[in-house]
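Peer 1: turn this into a model:
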Amino acid sequence: MKKTIFLITILFLASISAFAYENMVKGNKFYHKGDFDKAVEFYQKAAEKDDKNPLIKYNLANAYYRKGQYDTACDYYNFALKNTDNENLKSAILYNMGNAAYRKQDTNLALDYYKACLKLNPSDIQAKQNIEFLQQDKQKQQNKNDKDKNKKDKNQNQKDNNDNNDNNDGRQNRNDEDKQDKYSRQNKDDNKDNEKQDKNDTGDNKTDNDKDEKNKDNKDKNEQDNKDNSSENKQQNSGQHLLDYFDKQDKQNNDKAKAVNVKAKAKSGKIW
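Peer 2: As a prediction, the model looks like this:
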């Protein structure tokens, strides 16, 4: 982008005093040599004698612009703009203010100044070129911003998705852990129940064994009792049998004796 600082010289100096004129000429000489500090010094001397003159303030603003003091330059440009009716001078001031705004990286304000300059002076080619340049640059910047925003949004969406996946994984892991804990507790409870059941079964088995042992003892006792009873009965039966036998023998003997006695009596006539 082309940037030109218009310096007011002899053409506009007719309206200032001789002393101011002399210092303005000296200031212009140092300005063209690139010694902007000296230029400011002589422009300030000229302004002391003619403080309201927009031409002196305009050249003073140009010198500060060259020194890179854009805010100070704009202060003097504004003063000059408000104190002149000359459209050519106004157009030059607006153009240079556009340059200062651009230097301060305020492209929107720079565009406004260039457009105002072009409105006052439609034949200002440099103002037109600067407008086109800034509009193209603005569009490029907008495209870059959109691209960066899309990239940022994409990265943010990816991050959100990753965070959601991490959260889901975390919840799933917690659910799995909770489920595992639940299974562990359930298994532990089942083991306790099994141990309790085994203990009960052992107790029941022991009781059953005790019962079986007791029943066996009772059976053995009953068998022994039955055996004893059988032996006793056998002995009793054997004794009874002997008694019966002897009773029978005694009876037979008695009967025999009686028979003998009767027979004997029959022979002797005696009754026994």
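
Peer 1: and stretch 97-117, what's its mean pLDDT?
Peer 2: The pLDDT scores in stretch 97-117 average 96.

Peer 1: measure it end to end?
Peer 2: End-to-end span of stretch 97-117 (CA to CA, to the nearest Å): 10 Å.

Peer 1: contacts made by that stretch with the rest, please.
Peer 2: 1, 3-5, 65, 68, 70-71, 73-74, 77-78, 81, 91, 94-95, 124, 127, 130-131, 134-135, 137-138 (CB atoms under 8 Å, 6 or more residues apart in numbering). All C-beta atoms are positioned from the backbone trio N, CA, C, and that covers glycine.

Peer 1: which residue packs closest to F30, ignoring adjacent ones?
Peer 2: Spatially, and ignoring its direct neighbours in sequence, F30 is nearest to K38 (3.8 Å; CB to CB, 6 or more residues apart in numbering).

Peer 1: related to what we said a few turns ago, narrow the contacts of stretch 97-117 to just the buried residues.
Peer 2: Neighbour-count burial (16 or more other CB atoms under 10 Å) is assigned, among the contacts of stretch 97-117, to 5, 65, 70, 73-74, 77, 81, 91, 94-95, 124, 127, 130-131, 134.

Peer 1: in helices, which of these fall?
Peer 2: Of these, the ones assigned to helices by DSSP state H are 65, 70, 73-74, 77, 81, 91, 94-95, 127, 130-131, 134.

Peer 1: that older thread, what number of residues lie near the residue nearest to F30?
Peer 2: Other residues lying near K38 total 16 when counted by other CB atoms under 10 Å.

Peer 1: just the buried residues of whichever strand or helix holds it, please?
Peer 2: Using DSSP states H and E, K38 sits in helix 36-49. Neighbour counts over helix 36-49 (16+ other CB under 10 Å) mark F36, K38, A39, V40, F42, Y43, K45, A46, A47, K49 as buried.

Peer 1: pLDDT on that helix, on average?
Peer 2: Taken as a whole, helix 36-49 has a mean pLDDT of 96.

Peer 1: how about stretch 174-190?
Peer 2: On average, stretch 174-190 scores 71.

Peer 1: hmm, back to that, closest to K26 among the ones in helices among the buried ones among the contacts of stretch 97-117?
Peer 2: Closest approach to K26 among those (CB to CB): Y65, at 19.0 Å.

Peer 1: pLDDT score assigned to the spatially closest residue to the closest one that is not a sequence neighbour?
Peer 2: With CB to CB, 6+ apart as the criterion, Y65 has its nearest non-adjacent residue at 4.0 Å, and that residue is A73. Looking at A73, its pLDDT stands at 98.
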